[in-house]
Each structure stands twice: as structure tokens, then as C-alpha cells.
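[1] next come a sequence and a model predicted from it.
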Amino acid sequence: MESSLSKNRPVSDPASETSSRHQEFGSNRLLVGNSIWNLVGDTLPLLVGVIAVPLTIRGLGTDKFGVLMTSWMLAGYLSLLDLGLGKALTKHAAEAMGKSQMDAVPKLFWTALHLCLLLGIASAIIFASACPWVVYHGLTVPVALRSQTENALYLIAVCLPVLVCGSCLRGFLAAFQRFDLLNKIKIPLSVFSFVAPVLVLHFTPNLAVIMSVLLAGRLLAALVELFICLNVAPGLRVVLLPNRRYVRPLFSFGAWITVSTVLNPLLVYSDRFLIGALLSMTDVTHYCAPMEMIARLVILPGAIAQVTFPALSYSLAKDPERATMLFERANKYILGFMFPVIVFAVAFAPELMRLWLGKSFAGASAQVTQFLSISALLTGLTYVPASLMQAAGRPDIFATVVLIEGPFYLPLMWVMIRLFGIDGAAFTYLIRSAVNAAICLVYAHRMLHTPREALRRTALAIVAAIGVLVLIVALKGNPFLRAVFASGMLFAFGWSVWTLFLNVEERGLIASRISAARQAIFS
């Protein structure tokens, strides 16, 4: 029997607290805050890796390091065997909260977690049975390292169920907009993944021992994630059996996510293989070096899209007008932040490549860098529309686009490489990025039922931005002329964003932030 004290004690309502948190997602504070957390989580470990990776290579040697990285990459890819259930849980849990169906959240969580556990166990059995083939036939492993490599792969197989379940736990925290907690786990884990091999090398260079330490970090992170899930949503503390009602929606959504996750990287990386087959490995190097640098430019739209996806899932169920506002605001941020960076990369591609990799690279890779930089802007503009499609329960749209464009993209890439070399490969990649951006933006505006005028305004802004970048590419000669033209275009872009694209509330917020920063600096 409850005491009178406990009866009168105010009880916090997790559902109302969660609803309040999601409702304020439309504010710049939470959108920017969560995006910054994601940016820090993606970039800070890379800075540690710049120092740690050379030390690991020096301690292990190139052969052992290659085997370690390949094994660790396998662990990362095998964790994707959740078949998209982690992202499906994010979408359906956020949607349930948007519909105020809080009783469905624990059922969704435990159903998805049980399914992930079963998939992880099945994957572990299959992978463990395949380990000898992978070591002795699948990979070119030096004879002296085969025993250590096989033991390391067996360790991955043992831990695979937990690795697969980890995507489900992270997906649930994303639904609750707890990107702060996610990155407080991700940052130490990522840093640990770089630092641990260096520390273990002081005791032993055995690959199996290093892998066991790395996997121990993953297992500990999964336990922390489970503990946080139980605290964020206390209703999860009662373990539930899988609910048949949610199995099909979760698998149906996750299946299309899996199609995109598997096929899209194959198309993205096909250019490297075709260049290697049709040209030379030197051309592969001249192409991949700028590609790896340019790939870092989409970290920002990726960070924003991760934050926007659960918010859109919630808002489409709760308040479609808020979803439209979130969509437009996220795209404004991506275009506003990326365009100046892309203008700089395109305008000074020859100088940047010469400074970074030398004169020979500048001559071979300058135009590749320019085409790939423009592609990065267009790719960044597909992130939020793709998230909107998924939030609206239509992940099949982007997956279908990938399926359809493959038979056209690969032959075109082959022809362009044969005719124009690596410049042709980069230009073909640019064409695919433009097609994807156009399709995603058109579908997104149709889903939101925005006026055609809004779609035309968005299309005009993107076409104008791409036109400016193409003009800069055409100015191959005088770097001073390129610098003057780029500066003028950036000034025009800044004026257009401030006067045409930002509303009164957003301009006031930016002005107040600048004023606060000025006071903090000069006070």
C-alpha cells in the first residue's frame, strides 16, 4: 500500500518530458546543439587517429597493420547485419511518440532488440564457420600471421550478437533525441579504438590480443548504451517478448534501408575499381587522394541529417507544419555552410593540391578535385530529403533510385573513363550526384505538399550555386582572377542568404549570437 507521502509526491512523466524535448527540436538551439555534438563525435577521434595510426603502423609493421585494419573493418561491416532494424526503430519509436502512443515504445524496443539478437547469433555462426576460408583463401594473409588472424576473427564472431544489437540501442537513443549521450559514448570509444593498439603494443604485438581489447571496448560501450536506454525510458526495465504486430513494419522498413546501405556504396566505390582496371594504379591514387579529402566535406550534412531524421519522424506524426519548417531550415543550414567551403575548394583546387601533395598531383588532380567538390555540395543536399523519405515511411524511393541508376551509371562511368580518364570519372560522379539531388528534392517537396513556388525557389538557388562553381572551373588560368570572382560570388551569396532565405526570427537569432560572441570576446 502506498503511503500518503508517496501519493502526494509529484511524479515526473517520461512521456511528457520526451514530448517536450521533441517539440523544442524546431528551435535552433536543439538542432544546432545536436548537430554540433555529431560534428565533434565525427571529427575529434580523427585528430587522435592522425597521431595514433603512424605509431601503430610503426609498432606492428605494414603487414600486421593491414590485417588488423581489415579485421576491424570486417567487424564494422558485420555490425550492419541488423538489416536496418536500428534505423527502423528510430523511425517507429519517434513516430509512436509523435502520436502519443508511449505504450508502444517498449514493445518496439524489445521486439527490435530480440530480432537483432537473433540476427547477430545467426550471423556469428555463419561467420565463425567461414573464418578459416577467409584467412586461408579470402584474404592474402602472410603465413606467419594466419593463426593470429584466425583467432582475431573468431573473437569477432563471438562478439557479433552484441555488435549487431548496438545499432538497435543507438537507434533508440536517436529516437529520443539524445545525441549528446550518444556522442559522449562514441567519442571515448572512437578514441579508444585508435589508442588501444598503441598501448597493447607495449606488452604484445599479438593481433588476437589487440582485437580482444578493441572488442572489449565495444562490449563495454554496448552495456553503457543499454543502461542509458533504461534510464532514458524507464518503461523498458520490464523485459518484453517480441510483439508480432511490430515485426513486419520493422523488417519492411529495414529491408529497404539495407538495400540502400549495400548498393549505394558499391556504386560510390565502383569508379576506383574501373579506373584501376582501365587505366593504372597511379591514376587510382591521383583520383582517390582528392576523393578522400572531399569526402570529409559531407560530415556536416551527415551530422544534420542524423539529427533531423528522428525529429521529422516525430513531427510528421504530430505536426506536419513543423516537419516542413525542420526540412527547410536544415537545408538552409547545409547550403549556407557548405557553399562557401565548396567555392574555396573549387577556386583554389590547383593551389591546394600543390600545397598538400606536390606539383605532379596538382596537374593530374586539380580538375578532379573541382568536379568532386561540386558533387559534395549536391550530395550534401540529398541527405535531409533522404531522411524525410525515410521518416515518411518511404525508404523504398531512394533504394529504387539506386537500383535503377546502376545499369546506366556503370556503363557511362566506363565510357567516360576510357575517353577522358580520371576527369571523366569525376564528371560522371558529378552527374549522378546532380540526378540524385534533383530526384530527392522533388520527392521531398511533394511529400511535404509545399507550394511549387517553394520548389522553384530552392531549385533556382541550387542552379545558381552550381552555375557559379562551373564558372570558377572555367577560369583555369589566373589565380588572382579566380580569387576576385570567388570573393564577389561569396559576397552575393551572403547577401542573398541574409535577405532572401533567412526569415526575421533566424536573422534575429544570428544577430543576437554575434552580439553575445562580441561581448564575450571584448568584455
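    Looks like it arrived, so ask away. Numbering: from 1, shown residues only.
[2] gap between Leu201 and Ala208?
    14 Å (CB to CB, to the nearest Å). C-beta here means a position set from N, CA and C on the backbone, and glycine is covered the same way.
[3] then Arg432?
    Separation of Arg432 from Ala208 (CB to CB) stands at 42 Å.
[4] what's near enough to touch Leu300?
    Contact partners of Leu300, counting by CB atoms under 8 Å, 6 or more residues apart in numbering, are Ser35, Leu39, Ile334, Phe337, Met338, Gly380.
[5] now those in TSV, with secondary structure?
    Converted to TSV, the contacts of Leu300 look like this (DSSP: H, G, I helix; E, B strand; the rest coil):
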residue	secondary structure
Ser35	helix
Leu39	helix
Ile334	helix
Phe337	helix
Met338	helix
Gly380	helix
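[6] report the buried residues of stretch 228-246.
    Within stretch 228-246, the residues that count as buried by 16 or more other CB atoms under 10 Å are Ile228, Cys229, Val232, Ala233, Leu236, Pro242, Tyr246.
[7] which pLDDT value goes with the nearest residue to the third one once chain neighbours are set aside?
    Distance criterion CB to CB, 6 or more residues apart in numbering; nearest residue to Val232, sequence neighbours excluded, is Phe176 at 5.3 Å. Looking at Phe176, its pLDDT stands at 86.
[8] and for the one 3 residues further on?
    Model confidence at Phe179, given as pLDDT, is 86.
[9] thought it was touching Asn38?
    Yes: contact criterion CB atoms under 8 Å: Phe179 and Asn38 qualify, at 6.0 Å.
[10] which residues do those two both contact?
    In contact with both Phe179 and Asn38: Gln306, Val307, using CB under 8 Å, 6+ apart.
[11] what about Phe408, how many residues nearby?
    Phe408 has 12 neighbours, counted by other CB atoms under 10 Å.
[12] now swap in Arg248 and tell me
    The tally of other residues near Arg248 (other CB under 10 Å) stands at 9.
[13] now do the helix or strand hosting it: which elements does it pack against?
    Secondary structure from DSSP states H and E places Arg248 in helix 244-278. Applying 3 or more CB pairs under 8 Å, 6 or more residues apart in numbering; DSSP states H and E, we find helix 244-278 packed against helix 85-98, helix 104-133, helix 281-295, helix 396-448.
[14] chain center to that helix, what's the gap?
    14 Å (CA atoms, centre = their mean, to the nearest Å).
[15] rounded mean pLDDT for that helix, please.
    Per-residue scores along helix 244-278 average to 85.
[16] residue contacts, Pro106?
    Ala233, Gly235, Leu236, Val238, Leu240.
[17] returning to that earlier point: so which of the buried residues of stretch 228-246 is the closest to Gly171?
    Cys229 (10.1 Å; CB to CB).
[18] for that closest one, list the residues it contacts.
    By CB under 8 Å, 6+ apart, Cys229 lies in contact with Phe109, Leu169, Phe172, Leu173, Leu236.
[19] now for those residues: which two are most distant?
    Most distant of these, by CB to CB, are Leu173 and Leu236, 11.5 Å apart.
[20] so what's the residue count around Met69?
    Around Met69 there are 15 residues (other CB under 10 Å).
[21] please disregard the earlier target; I meant Ala144.
    If we define neighbours as other CB under 10 Å, then Ala144 has 9 of them.
[22] tell me the confidence at it?
    pLDDT, read off for Ala144, is 80.
[23] again, but for Val224
    94.
[24] ok, it to Leu182 distance?
    On the measure of CB to CB, Val224 and Leu182 end up 11 Å apart.
[25] kindly report the same for Tyr287.
    Distance from Tyr287 to Leu182, by CB to CB: 34 Å.
[26] and the two? Which one has more around it.
    For the pair Tyr287 and Leu182, the greater number of neighbours falls to Tyr287 (27 against 23), based on other CB under 10 Å.
[27] contact partners for the more buried one?
    Per CB under 8 Å, 6+ apart, neighbours of Tyr287: Asp271, Arg272, Ile275, Ser365, Val368, Ile422, Ala425, Ala426.
[28] one more time with 6 Å
    Ile275, Val368, Ile422 (CB atoms under 6 Å, 6 or more residues apart in numbering).
[29] what strand or helix carries Pro242?
    Counting by DSSP H and E, Pro242 is found in no helix or strand.
[30] give me the buried entries from the contacts of Leu300.
    Using 16+ other CB under 10 Å, the buried members of the contacts of Leu300 are Ser35, Leu39, Ile334, Met338, Gly380.
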